[in-house]
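Colleague: Give the three-dimensional model of this entry:
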Amino acid sequence: MKLRQLIGAFRQDLNDENPAGTLPNRWTDEQLLRYFNEGLCQVFDLKPEEYVEPIVMELDVGTVQKLCNCHTLTKILGQTDETGAIVRPIAKYDAGLVQRWNKPVCVPAYSEFTLRGYTFSAADNGYFNVYPPVPPNEKVYIKALCSNPPDTFTMDDLDTEVDDCLGVTAARQWVLYSALMMDDESDASINAARVHLELFFNILKVQMTQQQLEKAGATNK
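Modeller: Model (predicted):
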């Protein structure tokens, strides 16, 4: 479905269609698109795994590594060759138990360097550690799963195809919630908005707690 068709579907859900063009719409395309972008961002904050993609990178020398263009590191799948084909899995170590790698890193002429494990936490902003450290003059590759925020749509993207995925389905409910909350003259609209907000969380299978509402900025709408 193209973005312009999706915006049209939002209007149909909101009973805001005006095919004859004789009356102004209650919500502009720009408003609905802004709500949609907000919804996609909310989905990423609540379920970043919905935006996971594989990345192959060559490691630097040493223990500490950095994934570029990666907002959230989810998992390292394994050590790979230069084409990205996994040659061996890598275990995730408990960061609390890994203090320092004391063993010497020796790479015999007859053997390839082998990664044994890695550590990372969500607070590391893409940084992670590998064990043993990568020695000099050794090309070592890994494949990782990384989550990045969705691209922001603009009015120039109306002919862009939008994937019919879980994130878009949930974001559609966020659009309806946001639009109906703007219609604060009607108690019925407010009640309907809250139903769409509940559906948004239910689709993502995330509990709608007060903390989650505050994080989503939904309590003051």
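Colleague: quick one: what helix or strand has Leu115 in it?
Modeller: Assessed by DSSP states H and E, Leu115 sits outside every helix and strand.
Colleague: All the helices of this protein, residue numbers only.
Modeller: 3-13, 29-46, 166-182, 187-204, 210-216 (DSSP state H).
Colleague: Mean pLDDT lowest where, among these?
Modeller: Ranked by mean pLDDT, the helices of the chain bottom out at helix 210-216, with a mean of 74.
Colleague: Tell me which other helices or strands it touches.
Modeller: helix 29-46 (3 or more Cβ pairs under 8 Å, 6 or more residues apart in numbering; DSSP states H and E). To be clear about C-beta, it is placed using only N, CA and C from the backbone, and glycine gets the same treatment.
Colleague: need the helices of the chain in a markdown table with distance to Asn125, can you?
Modeller: Listed next are those as a markdown table, based on distance: least, Cβ to Cβ, whole Å:
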| stretch | distance to Asn125 |
| --- | --- |
| helix 3-13 | 31 |
| helix 29-46 | 16 |
| helix 166-182 | 23 |
| helix 187-204 | 24 |
| helix 210-216 | 19 |
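Colleague: I'd like to know which of the ones you listed is closest to Thr119.
Modeller: Closest to Thr119 of the helices of the chain, according to Cβ to Cβ: helix 29-46, at 24.3 Å.
Colleague: just checking, what packs against the closest one?
Modeller: Packed next to helix 29-46, using 3+ Cβ pairs under 8 Å, 6+ apart, are helix 3-13, helix 166-182, helix 187-204, helix 210-216.
Colleague: so of those helices, which one's packed in deepest?
Modeller: Among the helices and strands packed on helix 29-46, helix 166-182 has the highest mean neighbour count (mean count of other Cβ atoms under 10 Å), at a mean of 21.
Colleague: List of residues touching that one?
Modeller: Taking Cβ atoms under 8 Å, 6 or more residues apart in numbering as the criterion, the residues outside helix 166-182 that touch it are 6, 9-10, 13-14, 27, 31-32, 35-36, 38-40, 42-44, 47, 50-51, 150, 162, 189-190, 192-194, 196-197, 199-200, 203-204, 218, 221.
Colleague: Using PDB, write out every CA atom in stretch 45-52.
Modeller: Provided in PDB are the C-alpha atoms of stretch 45-52 (Å, rounded to 0.1, in the frame of the first residue of the first chain):
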ATOM      1  CA  ASP A  45      10.700   2.700  21.700                       C
ATOM      2  CA  LEU A  46       8.400  -0.100  22.900                       C
ATOM      3  CA  LYS A  47       9.400  -2.900  20.500                       C
ATOM      4  CA  PRO A  48      12.800  -2.200  18.900                       C
ATOM      5  CA  GLU A  49      13.000  -5.900  17.800                       C
ATOM      6  CA  GLU A  50      10.400  -5.000  15.200                       C
ATOM      7  CA  TYR A  51      13.100  -3.000  13.400                       C
ATOM      8  CA  VAL A  52      15.900  -5.600  13.500                       C
END
